Every structure is written in structure tokens, then in C-alpha cells.
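Visitor: Need coordinates for the following:
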Amino acid sequence: MIKLFLFDIEGTTTDINFVHQVLFPYAEKCLKEYVLNHQDHPEVIKACESVKATVREEEGKELDLNEVIEKLLHWIKTDRKHGGLKEIQGLIWDVGYMKNDFKGHVYEDVKPFFLKILDKGSKIGIYSSGSVHAQKLIFGYSVEGDLTPMISYYFDTKVGGKREKSSYQKIAHETQLSPAQIHFFSDVPEELEAAREAGMGVTHIVRPGTKPSSFEGVADFRVFMSFL
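Guide: A predicted model of the protein is given here:
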């Protein structure tokens, strides 16, 4: 029996265009003003120090605050998966969601599938490169309402990269489940391969624009519901 259904977000539960055409541009537009206005806040200080440490290690440079902001803006454009950037993006999106500037997109088949999973006595987890905070915002302020009460676990890249076998082994350890009791859904074949190598069941989610792969794929979670 599958005890935990584990979901990627971008391209799986959520249209990737929402992330790249709504969330990223919003963060880019607001980032400089937000950082300057909140530079004394502990979360912002920690994120900026993380950026400085990375640049120090990679480039041998010391950055001032304005240079940190420029580096963050560059990383948004290049879609770098950096913890400091993800933290600040999440803080900015927090404001946007609360102001109702946008709602988190989820495909219409997601909520019915979540309900079916819970009805069968299994649990739901999320594993995304976005921060846990950002994950909770998408599902908490979603177009389908607040879905966070349905979700038991959230994982981000603090457990490791999504294309690394060890990350999925850590998730199994943290949930106190064997990998065979976990099923992972993603639109990225390299992530599915890593999860499969860790012993998890996997399904390729093929949304509009997703390239097919050698993995078994479904275009709609309602197809998978018949197997529960």
C-alpha cells in the first residue's frame, strides 16, 4: 500500500507558467525595494549573508547590500536554485498573496486527487525546489482554497537536490517509511529516475508542453485515481 503520495509542484500540481510568468516577475519587480526596506529583519539578514557567502566562495568577492540585490536579480533571471534567493522570494510572495495580487495556481484535478488519497488513509507530501514557505503559500492561497490542511509533509532542497538519489532516501527516513511505501509524481524524468533509484514508485506527469519520457505517464491525476 502507498502510504505517502509525494508531489513536485512546477509542471505537476501547478502550471509552470504561473511560476515563471507570475511569481518570478513579481519578485523581480519588488525585490530591491523589499530588501532595502527590510534589511534589518532577521530573515532578510540571513538570506543576504547566504548570498554573500556563496559569492565569496565562488568568486572571491565581498558584496555590499546593493551588490547582493544585483546578484539576486541576476539569479532570478538565470533561475538559480539558491536558498537565500528562495527565502527572499518567499517573503515577497507572502506580501503578494496577502494583498490578493494573485492566487496560487493548481490544476483542477489536484484537489479531487488529494481528497481521494486522504479518503484511502494515505498522506500527502510536497517536494519542490521552492522553499517550504513558498510551497505553503501556493497551496494556502490557491485558486481551490486553502489546501494546506491536506498536506502532511513539505520538503525543499534542504534535504538535497531533486535529481539526487540521497534526497529521496532522506525523505523516506524523515517520514519513517520505506521508499516502497512512497510514490513520487513529477514532470521531470531526472527527478523520477533519482526517486526510482531510491526505491520509490514514480509516475511522470505530462502536462501541456511536457516532453514525454520512458516513464509511465499520465496527463491527469484522475486517471491515476482509478488505481487507488
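
Visitor: now the helix or strand of the chain with the lowest mean pLDDT, how far from the centre of its chain.
Guide: Among the helices and strands of the chain, helix 221-225 carries the lowest confidence by mean pLDDT, DSSP states H and E, at a mean of 89. Between the mean C-alpha point of helix 221-225 and the mean C-alpha point of its chain there is a distance of 22 Å (CA atoms, centre = their mean, to the nearest Å).

Visitor: Can you pull out the residues in contact with that helix?
Guide: Tyr107, Asp109, Val110, Pro112, Phe113, Lys116, Phe185, Thr203, Ile205, Val218 (CB atoms under 8 Å, 6 or more residues apart in numbering). C-beta coordinates here come from the backbone N, C-alpha and C atoms, glycine included.

Visitor: Tell me the buried residues in it?
Guide: Neighbour-count burial for helix 221-225 flags Phe221, Phe224, Met225 (criterion: 16 or more other CB atoms under 10 Å).

Visitor: could these be laid out in a markdown table, adding distance to Tyr141?
Guide: Compiled in a markdown table, the buried residues of helix 221-225 are given as follows (distance: CB to CB, whole Å):
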| residue | distance to Tyr141 |
| --- | --- |
| Phe221 | 21 |
| Phe224 | 26 |
| Met225 | 25 |
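
Visitor: List the ones among the contacts of helix 221-225 that fall in helices.
Guide: Where these overlap with helices, as defined by DSSP state H, the overlap consists of Val110, Pro112, Phe113, Lys116.
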